[in-house]
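Novice: Got a sequence here, can you build the structure:
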Amino acid sequence: MSVAAHTTPLLSRVVGYSVAIANNAGRIIRDIMKRGELGIVEKESARDLQTEADRAAQRSIITSLQKCFPKSTIIGEEGEDEVKDLSGQVFDPSSDSSSSSISSIACPPQLTTVAEEELVIWVDPLDGTAEYTQGLLDHVTVLIGIASGGKAVGGVIHQPYYNYQNPGAELGRTIWGIVGGSVGGMPIVAPPEGKVIVTTTRSHSSSTVNDAVAAVSPTEVLRVGGAGHKVMLLLEGKAHVYVFASPGCKKWDTCAPQAILEAAGGVLTDIKGDPIPYHATVAHRNSTGVLASAAGQDHQAFLAKIPQHVKDNLKA
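Specialist: Numbering: from 1, shown residues only. Below is the predicted model of the structure:
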């Protein structure tokens, strides 16, 4: 470890190393797709899929994080079975050029003293699995979210297939952020004025979901896969608000996107306006949905438009 790494706040180091670890997971995901051996299995339902890319990416991410930060709690979407065979899976992020600038990742004063054992790291090795199997590759993200004190404080979103529709372009992009600190990897763009563009689920629609979307009077609705991808649309200025009145996503879906969005000036809560907790022992499901707004938007105004019956339909 370099001298700079020793003097850099822990949270900045975790985010910096997570950038390199997520980049490596992206390479694993692309390699498996290129080989065409996806190894698709159903988990809880036909809509809830897992591929060899999910499994291999999780093995690499979690074993690498455990090697670097053994005192932290790490929770992955694919469960503990996927990290039992650790042979050959550990990636050394300090050897990757993308982690060389960790000293420049700004950390606010209140987070500079966070201890390793206080951290809970939420990992979604491949968010948008169904879309991955369907060739909707721009929906796919790798998510590493860092929580302390039950709050999302840092995160990394890697897009393995960013630029995939541009022949010859370099694939992949990684965005990172620390709440109250800095955001890196892309410019944050304000959504267009005079419109209300909503992003929501493409695979978990229901009358409750549709009622919530309609209530904010959208001028356009973008139905896409993956929580990471939806929040990316807010960061890119392609949508104003992410409305999801359903218990269909989990803590590993929202921790990293929430941290980056809030670092960029946006807001993410549940559909009732309450904080989403990220303690190690919390239930994994976000049973009361998600409402997220881009920087510069009035989150409370969107919240006030969500019908009471929608909020009542989602029980904690």
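Novice: for this structure, what are the low-confidence residue spans?
Specialist: Where the chain drops to pLDDT under 70, the residues are 1-6, 37-50, 78-89, 95, 97-100.
Novice: And the helices in it?
Specialist: Taking DSSP state H, the helices of the chain run over residues 3-7, 10-35, 52-68, 129-134, 207-215, 227-235, 251-263, 299-305, 308-313.
Novice: Could you single out the most deeply buried of the ones you listed?
Specialist: Counting by mean count of other C-beta atoms under 10 Å, helix 251-263 has the highest mean neighbour count of these, with a mean of 29. From N, CA and C alone the C-beta is placed, and that goes for glycine too.
Novice: Now that one - C-alpha only, CSV.
Specialist: Only the C-alpha atoms of helix 251-263 are listed here, as CSV (Å, rounded to 0.1, in the frame of the first residue of the first chain):
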residue,chain,number,x,y,z
LYS,A,251,-30.7,-2.9,-0.5
TRP,A,252,-27.8,-3.9,-2.8
ASP,A,253,-29.8,-2.3,-5.7
THR,A,254,-30.1,1.1,-4.0
CYS,A,255,-27.2,1.6,-1.7
ALA,A,256,-24.6,2.6,-4.3
PRO,A,257,-27.0,4.6,-6.5
GLN,A,258,-28.3,6.5,-3.5
ALA,A,259,-24.9,7.5,-2.3
ILE,A,260,-23.8,8.8,-5.7
LEU,A,261,-27.1,10.5,-6.3
GLU,A,262,-27.0,12.3,-3.0
ALA,A,263,-23.3,13.2,-3.5
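Novice: As TSV, the helices of the chain with distance to residue 109 would be great.
Specialist: Shown next, in TSV, are these (distance: least, C-beta to C-beta, whole Å):
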stretch	distance to residue 109
helix 3-7	15
helix 10-35	12
helix 52-68	24
helix 129-134	39
helix 207-215	38
helix 227-235	25
helix 251-263	15
helix 299-305	25
helix 308-313	36
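Novice: and of those helices, who's closest to residue 180?
Specialist: Set against residue 180 and scored by C-beta to C-beta, the helices of the chain come closest in helix 251-263, at 7.3 Å.
Novice: could you give the angle of that closest one to helix 227-235?
Specialist: Orientation of helix 251-263 against helix 227-235 (axes from the mean of the first three to the mean of the last three C-alpha atoms, to 10 degrees) gives an angle of 10 degrees.
Novice: Could you pull up the residues touching the closest residue to residue 266 other than its chain neighbours?
Specialist: In space, and not counting its chain neighbours, residue 266 is closest to residue 295: 4.7 Å by C-beta to C-beta, 6 or more residues apart in numbering. For residue 295, the contacting residues are 188, 190, 234, 261, 264, 265, 266, by C-beta atoms under 8 Å, 6 or more residues apart in numbering.
Novice: Tell me the buried residues within the residues you listed.
Specialist: By neighbour count, with 16 or more other C-beta atoms under 10 Å, the contacts of residue 295 hold 188, 234, 261, 264, 266 as buried.
Novice: tell me which of those is nearest to residue 242?
Specialist: Using C-beta to C-beta, the buried ones among the contacts of residue 295 come closest to residue 242 at residue 234, 6.1 Å.
Novice: Would you mind measuring from the residue nearest to that closest one when sequence neighbours are not counted to residue 125?
Specialist: Distance criterion C-beta to C-beta, 6+ apart; nearest residue to residue 234, sequence neighbours excluded, is residue 294 at 4.1 Å. With distances taken as C-beta to C-beta, to the nearest Å, residue 294 is found 26 Å from residue 125.
Novice: what about the residue nearest to residue 180 when sequence neighbours are not counted, neighbour count?
Specialist: Sequence neighbours aside, residue 108 is the residue nearest to residue 180 in space, at 3.6 Å (criterion: C-beta to C-beta, 6+ apart). If you count neighbours by other C-beta atoms under 10 Å, residue 108 ends up with 15.
Novice: give me every residue that touches residue 108.
Specialist: 178, 179, 180, 181.
Novice: Which of the residues you listed fall within strands?
Specialist: Residues of the contacts of residue 108 located in strands (DSSP state E): residue 178.
Novice: Of the contacts of residue 108, just say which sits nearest to residue 195.
Specialist: Using C-beta to C-beta, residue 179 comes nearest to residue 195 of the contacts of residue 108, at 27.5 Å.
Novice: I'd guessed the closest one sits against residue 147; true?
Specialist: No. In this structure, residue 179 is not within contact of residue 147 by C-beta atoms under 8 Å, at 10.3 Å.
Novice: And the two? Which one has more around it.
Specialist: Neighbour count, other C-beta under 10 Å: between residue 179 and residue 147, residue 147 has more, with 29 against 24.
Novice: which strand residues sit across from the more buried one in the sheet?
Specialist: Following DSSP bridges, residue 147 is listed with bridge partners residue 120, residue 152.
Novice: now residue 256: how far from residue 146?
Specialist: Distance of residue 256 to residue 146, given as C-beta to C-beta: 8 Å.
Novice: list the residues that contact both of those two?
Specialist: With C-beta under 8 Å, 6+ apart as the test, residue 256 and residue 146 both reach 122, 152, 155.
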